[in-house]
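after the sequence you'll find the predicted model.
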Amino acid sequence: MNNFLIILVSIISLFLINILRNLIVKKRKDKLSNALNANYFLETINKLIEENKYNLLEERIRLKDIDAYGNEDLKKWIGNPPLDEVSIEKSINYGSKRFKEGIPYFWEKVILKQFSGQECFFEKWKSYRIINPIINDEIIGTSRNLEKEDWFIFIASQIEKTCLNLIENNTSKTNNQNYKKGIIFENNCMEILKKKGWKVKETPITGDQGVDLIASINNLRICIQCKNHKKAVGNNAVQEISAGKSYWKGTHAVLVSKSGFTKSAQKLARANKVKLINYFELKDLENFLN
């Protein structure tokens, strides 16, 4: 009888040890997985913000309101998106205005795409909260647990820090030479059209959908993309302006270049009814379209 009890206790002990060992292994795997996910989450967010920091700053400036006393109102820039996953999905699917501009727009159109969708984003966000459970809340003046709904505060804070750092260092996107070159070319195109009687407006920096200028005269509403490249313009620009024409409800889509277009781009443009013109032909745009 004693031998039986000893064997039974030994079997149970081995069973429990095995369970405990598996739990320890699983805990270690989960910890490693969460650490990797958290690191990916933070690095991806910061990388996207860094890559788009000049655009973000320009959009912040565009959406900022200033009252008569010099106080800044950033409501349009920061936005007010829903915070739970179900409401977010409904808002995006139904084309809610909450994701049409500012930081919410950047989150949906840039950040969310990098994470291949909402589910992946919140999965990585969960791992980040597990690894970094405490947040220093400057609003209430104390530390607290990081909640699931804090995802937007976190994103907005990271973006604001970057923008404020650029402002503090007196840096703007115009210091970026490629951007400056493109803006000068775009402005030149706009001035040529205005002198010919066109009413021209610029699209927002963020969310332009591939359209730089919208020129209107009579019943024409032309969506224009301006390309000041050293090499011939390729297919991507044709695809962008074609989609942009639908988005901005234009009558025509026009791609302007100083360096011509690839044969592939010309073929694609004919198929999509996109007009390809040289910069020097811009002054005769109305006749060119007719």
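Done, it's in. Residues are numbered from 1 along each chain as shown.

where does S259 land in three-state SS?
Here S259 is coil, with the state taken from DSSP: H, G, I helix; E, B strand; the rest coil.

that one: what's it in contact with?
Taking Cβ atoms under 8 Å, 6 or more residues apart in numbering as the criterion, S259 is in contact with 227, 229-233. C-beta here means a position set from N, CA and C on the backbone, and glycine is covered the same way.

switch to 10 Å and redo it
When contacts are counted by Cβ atoms under 10 Å, 6 or more residues apart in numbering, S259 touches 227-233, 278-279.

what about I192, distance to E168?
Distance, I192 to E168, by Cβ to Cβ, to the nearest Å: 37 Å.

correction: I155
Applying Cβ to Cβ to I155 and E168 gives a distance of 20 Å.

sorry, back to before: and which of the contacts of S259 is nearest T262?
Among the contacts of S259, A232 lies closest to T262 (Cβ to Cβ), at 4.8 Å.

that closest one contacts A265, doesn't it?
Yes. Using Cβ atoms under 10 Å, A232 makes contact with A265 at a distance of 7.4 Å.

looking at the two, which is more packed in?
Using other Cβ atoms under 10 Å as the criterion, A232 and A265 rank with A265 on top: 22 against 15.

against R221, how distant is the more buried one?
Counting by Cβ to Cβ, the separation of A265 from R221 is 23 Å.

next: N187.
N187 sits 20 Å away from R221, going by Cβ to Cβ.

and for I6?
Look at I6 and R221: by Cβ to Cβ, they are 91 Å apart.

G102 too?
G102 is 26 Å from R221, by Cβ to Cβ.

isn't A269 right up against A253?
Yes. The pair A269 / A253 is scored as a contact, 8.7 Å apart, by Cβ under 10 Å.

pick out whichever of those two has more residues nearby.
Shown here are A269 and A253; by other Cβ under 10 Å, A253 has more neighbours (26 against 23).

low-confidence ranges in the protein?
By pLDDT under 70, the low-scoring segments of the chain are 1-2, 4, 8-9, 22, 25, 30, 66-70, 137-141, 170-182, 205-208.

packing partners for the longest helix along it?
Secondary structure of the chain per DSSP state H: the longest helix is helix 2-51. Helix 2-51 sits against helix 53-63, helix 112-114, helix 118-131, helix 151-168, with contacts defined as 3 or more Cβ pairs under 10 Å, 6 or more residues apart in numbering; DSSP states H and E.

winner for burial among those helices?
Here the criterion is mean neighbour count by mean count of other Cβ atoms under 10 Å, and of the helices and strands packed on helix 2-51 the winner is helix 53-63, at a mean of 20.

how far does it sit from its chain's centre?
Relative to its parent chain, helix 53-63 has a centroid offset of 12 Å by Cα atoms, centre = their mean, to the nearest Å.
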